[in-house]
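**Student:** Provided below for reference: sequence and predicted model.
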Amino acid sequence: MSYISSYMLSIVGVVLLFIVIELILPNGKSAKYIRSILGIFLVFVIVAPLAKLKNLDFNALLSENNVTYQLDYDYLYQLHLKEAQELQQNIILLLKDKGIEGAEVIVTIEQESLDLQINKIFVDLSGAVISKNQEHIINYTTLKTIISEYASIDKDKVVVND
């Protein structure tokens with residue numbers, strides 16, 4: 001059997017199958033959706049063999065191997081900036097709970113990374129007020145430890161200035 005006759009036979013077979021399904025289908029809202037799906041299937045049955053005549057391979061066109069992904073580092077950086085700002089506010093609240101009010105906190109991050117990479121956390125205590133009961137307890141080392149544990153980073157990445 002030649003290629004064209006097998007092509008025509010497959011189309012006729014699919015159309016006959018659709019006629020049988022149409023007779024069985026109840027009349028209702030779901031019938032129009034089923035007809036739409038059957039119509040799409042019929043289009044693929046008609047088009048797929050034509051693609052072979054043009055040497056087109058639908059599997060290659062639809063495969064995931066041809067899809068390329070590119071990360072948008074600017075978007076990721078904006079997300080990480082938002083996370084860093086939230087971290088700054090949370091550290092300010094943490095310091096407030098420890099008796100230090102008015103401290104300025106700046107979190108610097110890595111620009112092109114998939115996850116949040118903190119370069120440094122700068123804490124400026126020049127305008128801060130330390131409560132009377134905490135002024136002899138909190139020193140720079142303790143402050144670095146508290147912040148580094150909260151942010152899950154090394155103590156070396158925390159810089160405290162007065």
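**Tutor:** Everything's here; your move.
**Student:** Please report how far the residue positioned nearest the centre of the chain lies from Ser126.
**Tutor:** Geometric centre of the chain, nearest residue: Leu76, 9.2 Å, by Cα atoms, centre = their mean. Distance of Leu76 to Ser126, given as Cβ to Cβ, to the nearest Å: 33 Å. In this view, the C-beta of every residue, glycine as well, is placed from N, C-alpha and C.
**Student:** Please apply the same query to Glu149.
**Tutor:** Look at Glu149 and Ser126: by Cβ to Cβ, they are 24 Å apart.
**Student:** OK, contacts around Phe116?
**Tutor:** Careful, residue 116 is Leu; it's not Phe. 80, 83-84, 109 (Cβ atoms under 8 Å, 6 or more residues apart in numbering).
**Student:** go with 7 Å
**Tutor:** 80, 83, 109 (Cβ atoms under 7 Å, 6 or more residues apart in numbering).
**Student:** Quickly find the element holding it.
**Tutor:** Taking DSSP states H and E as the definition, Leu116 sits outside all helices and strands.
**Student:** Likewise for the one 10 residues further on?
**Tutor:** Using DSSP H and E, Ser126 sits within no helix or strand.
**Student:** any weak-confidence spans in the protein?
**Tutor:** 1, 3, 50-70, 132-138, 162 (pLDDT under 70).
**Student:** Which parts of it are helices?
**Tutor:** Applying DSSP state H to the chain gives helices spanning 3-24, 29-53, 58-62, 73-97, 140-151.
**Student:** Spatially nearest residue to Val158 (excluding sequence neighbours)?
**Tutor:** Once flanking residues are discounted, Val158 sits nearest to Lys144: 4.5 Å by Cβ to Cβ, 6 or more residues apart in numbering.
**Student:** any idea how far Val160 is from the one you found?
**Tutor:** For Lys144, the distance to Val160 - Cβ to Cβ - is 6 Å.
**Student:** How about Val47?
**Tutor:** 69 Å.
**Student:** Looking at these two, which is more packed in?
**Tutor:** Higher neighbour count among Val47 and Val160: Val160, with 16 against 11, using other Cβ atoms under 10 Å.
**Student:** roughly how far apart are that one and Leu87?
**Tutor:** According to Cβ to Cβ, Val160 and Leu87 sit 16 Å apart.
**Student:** what do you get for Val20?
**Tutor:** 64 Å.
**Student:** These two: who's more crowded?
**Tutor:** Between Val20 and Leu87, counting by other Cβ under 10 Å, Leu87 is the more crowded of the two (19 against 10).
**Student:** Counting neighbours, what do you get for the residue nearest to that one when sequence neighbours are not counted?
**Tutor:** Leaving out its chain neighbours, the residue that sits closest to Leu87 by Cβ to Cβ, 6+ apart is Val107, at 5.3 Å. Residue neighbour count, defined by other Cβ under 10 Å, stands at 23 for Val107.
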